[in-house]
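Engineer: What follows is a predicted protein model with its sequence.
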Amino acid sequence: MDRTLILIALVVALPATSGAQGVNSRETKANAAATEACTMDGYYEAIEKELTSWLEEAVSASQEIEAQQQLLRLASAKAVGTPKAIGYEVLTELAAERSKQASTAATKAAEPLARALTAIASRRAATAVVLKLTVPQNTVQYTHTANGRGGTVLAQSRSDTAKCDVTPEPPATLKSSCSAEKANFVAAQKILTALKTLKAIKVVSSTQLKLPKTTTTIEGVGELSHSTSWNTGTGNKHCNEKAAQAPDAATKAVALTPITYSTSAITVTTINIEQTANADEDKDIQPANDDERSSIISDKSLAQAIRSAQKAYTEPQKPLNNEPLVDLAQTAAARAVYDFLTKGTTKRPTEQADAKKVAQLIFGKDTGDVGTEFLKPLESDSNSIPTSDKPITGPTTKIAAEHYNEAMAYYYALNLKKTTTASKSGTVKKGDGKTESEEKTKNKKDGVKSRGLHSH
């Protein structure tokens, strides 16, 4: 067979590895690893971290772009009258647009992401309580204490009755070893890589949540029906008739064996987020009136919170640093400035100019990116802004971050003064690069020529 055909056959036979399948695979593996207290805690912890990162990214992007807009606005004010003036002005407008988009995205995402964080944290805590906190790691011992005659469950009118109080004191499990589940713990935490497209989530369902199953056994020795009184047995592990006796020596005694706890009846299950979000609410959890409060968030509320967070998430806006100048030349703002500078302000052309031509006029070149050509120079330039004391000095990046208002006021006043002076002297530049005086001279000459032609 031809080697090319063999290669094609092998490629066709290979399993597909599309992005969607990759996400599903990560989701499936993480869900399969979350099966008990340790792995479920790591699972929910990872989701919390990812939701937090979404929120932080949105806020950080908004702040970063806002700071860049401020830097570019100051650079634009400083660059008035220089070859880069137009470029900085256009970049300022583009940064302002992105800043607005980033701020809107952050505001829109804040509420659903916060709600999802609360839902996950609530379910994480409830799961830990049910699977670990209320389940003692060691067998719980009883304390037995004789409590006179009579009874509350068995017949009380007989003379041969006796009571023995049994008091367990189970400690809360405040920490436990997860070493046996280390591999699954790591696998379960990878759920964060699939959260954006997560279809199913692991839970101890709100319909199954219950306290651990407890088991103990009543033990008796000897004929107890003729007991006249009981005493606390030696070691407080039983009650026996007459004087206290050791457990292994008692002839008439009763005892309860230590309690054992089990969560085997509490199963971790997978719920479909979309289906659960649209399902009916669990009536056992839903408060009947304003005086009732739910002790746990329901599966439905959890699913709705996750779904809302997924819908609210958008890739954060990026600052302009790495944007090629030729790409930004194709934006509406850049093209509008180009058209008005080259074609006048009365009517814009129907056909768009070549992006490279736009870039050359607006940015002075059609190669390079914003960071290299416009931002990097602002890190090493110099400024000297007068104050009542020492002048504010340093590169534009530093001044934009620390003395923005003072710097803007200075350059605004400086540019206004230049414009006023130029206007009085007739040297204000027109859109075609000519001054007002040059324009008047040209019009005067044209008028003379026109009159001269008509005189002949």
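Structural biologist: Now that the structure is in, tell me what you want to look at.
Engineer: rest of the way, CA atoms for contacts and neighbours
Structural biologist: Fine.
Engineer: buried set for stretch 302-322?
Structural biologist: Buried positions in stretch 302-322, judged by neighbour count with 16 or more other Cα atoms under 10 Å: 302-310, 312-314, 316-320.
Engineer: so of the residues you listed, which ones are in helices?
Structural biologist: Taking DSSP state H, the ones among these that sit in helices are L302, A303, Q304, A305, I306, R307, S308, A309, Q310, A312.
Engineer: Can you name the next helix or strand after the helix or strand where A75 lies?
Structural biologist: In this assignment (DSSP states H and E), A75 forms part of helix 37-78. Next along the chain after helix 37-78, taking DSSP H and E as the criterion, comes helix 85-128.
Engineer: which other helices and strands contact that next one?
Structural biologist: Using 3 or more Cα pairs under 8 Å, 6 or more residues apart in numbering; DSSP states H and E, the elements in contact with helix 85-128 are helix 37-78, helix 299-312, helix 332-343, helix 355-363.
Engineer: out of those helices, which comes closest to V166?
Structural biologist: Nearest of those to V166, taken as Cα to Cα: helix 37-78 at 30.2 Å.
Engineer: ok now the closest one, how far from the chain's centre?
Structural biologist: 8 Å (Cα atoms, centre = their mean, to the nearest Å).
Engineer: by contact count, what packs against it?
Structural biologist: Packed next to helix 37-78, using 3+ Cα pairs under 8 Å, 6+ apart, are helix 85-128, helix 182-189, helix 396-402, helix 404-425.
Engineer: what about T214, is that helix, strand or coil?
Structural biologist: strand (DSSP: H, G, I helix; E, B strand; the rest coil).
Engineer: does it really touch T260, like I thought?
Structural biologist: Yes. Using Cα atoms under 8 Å, T214 is in contact with T260, at 5.6 Å.
Engineer: For those two, indicate the residue with more neighbours.
Structural biologist: Per other Cα atoms under 10 Å, whichever of T214 and T260 has more neighbours is T260, with 18 against 11.
Engineer: For the helix or strand that contains that one, which strands pair with it and how are they oriented?
Structural biologist: T260 belongs to strand 260-262 when assigned by DSSP H and E. Take DSSP bridges as the rule and strand 260-262 pairs in its sheet with strand 213-215 (antiparallel).
Engineer: Check which element follows the strand it pairs with along the chain.
Structural biologist: By DSSP H and E, the next helix or strand past strand 213-215 is strand 218-221.
Engineer: From the rest of the structure, what touches the helix or strand that that next one is followed by?
Structural biologist: Downstream of strand 218-221, the next assigned helix or strand under DSSP H and E is strand 230-232. Contact with strand 230-232 is made by 144-148, 162-164, 238-244, as judged by Cα atoms under 8 Å, 6 or more residues apart in numbering.
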